[in-house]
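>>> this one's structure only:
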C-alpha cells in the first residue's frame, strides 16, 4: 500500500532542489574611512545615540569600517568611531543601516556601544 504523503514529500524535495541557494552577506572593509559617506554615517550614529541617551557625545573621527549589502536592500555599516564626552574620548562600535542618498529619516542606528579595552 502506498502512503498518500509520499507524493507530497517528493514534490517538496523537487521544489527545494530548484530554489536558489541562500546568499551569504559578506562584510567588505571600507577603503577610506574618511570618505564623505562613511563620515556622514558615523556622525549620524553619534548624533542619534547622543539624542536618544540625552548625552553630550560629539563625533571626533572614524577609525575603520565595513559594509555589507543588507537583506531586502540598503547597506549595513559597521564602524569604529571615536567620540568625545567632555574632554575624554573613547572608541565606539556602531551598526547603522541605510540607503546612501536617501533621506535621513530612513536611516536606522542598530547598535552603538563603547569598546572597552
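All right, it came through fine. The structure presented is a predicted model; accordingly, all values stated were derived computationally and were not measured.
>>> What values do phi and psi take at the one residue sitting closest to the centre of the chain?
In the chain, the residue lying closest to the centroid (C-alpha atoms, centre = their mean) is residue 76, at 2.9 Å. Main-chain dihedrals, residue 76, degrees, to the nearest 10: phi -90, psi 130.
>>> If it is in a bridge, with which residues?
residue 68, residue 97 (DSSP bridges).
>>> ditto for the one 4 residues further on
According to DSSP bridges, the partner residues bridging residue 80 are residue 64, residue 93.
>>> what number of residues lie near it?
Applying other C-beta atoms under 10 Å, we find 17 residues neighbouring residue 80. In this view, the C-beta of every residue, glycine as well, is placed from N, C-alpha and C.
>>> Next one: it from residue 116, what distance?
Using C-beta to C-beta, to the nearest Å, residue 80 is found at 13 Å from residue 116.
>>> List the buried residues of stretch 36-54.
Residues of stretch 36-54 classed as buried: 38, 39, 41, 42, 44, 45, 46, 48, 49, 50 (neighbour count, 16 or more other C-beta atoms under 10 Å).
>>> Kindly apply the preceding question to stretch 106-116 instead.
Going by neighbour count (16+ other C-beta under 10 Å), the buried part of stretch 106-116 is 107, 109, 112.
>>> Closest to residue 33 out of these?
Lowest distance from residue 33 to the buried residues of stretch 106-116 (C-beta to C-beta) belongs to residue 112, with 16.9 Å.
>>> Distance of that closest one relative to residue 26?
Going from residue 112 to residue 26 by C-beta to C-beta gives 23 Å.
>>> just residue 105 next, same as before
From residue 105 to residue 26 the distance is 28 Å (C-beta to C-beta).
>>> Neighbour count for these two, which is higher?
Higher neighbour count among residue 105 and residue 26: residue 26, with 9 against 6, using other C-beta under 10 Å.
>>> Give me the secondary structure label for that one.
Reduced to three states with DSSP: H, G, I helix; E, B strand; the rest coil, the structure at residue 26 is coil.
>>> Was I right to think it contacts residue 68?
Yes - at 6.2 Å, residue 26 counts as touching residue 68 under the criterion of C-beta atoms under 8 Å.
>>> picking that back up, quick check, nearest of the buried residues of stretch 106-116 to residue 57?
Proximity of the buried residues of stretch 106-116 to residue 57 (C-beta to C-beta) peaks at residue 112, which lies at 9.3 Å.
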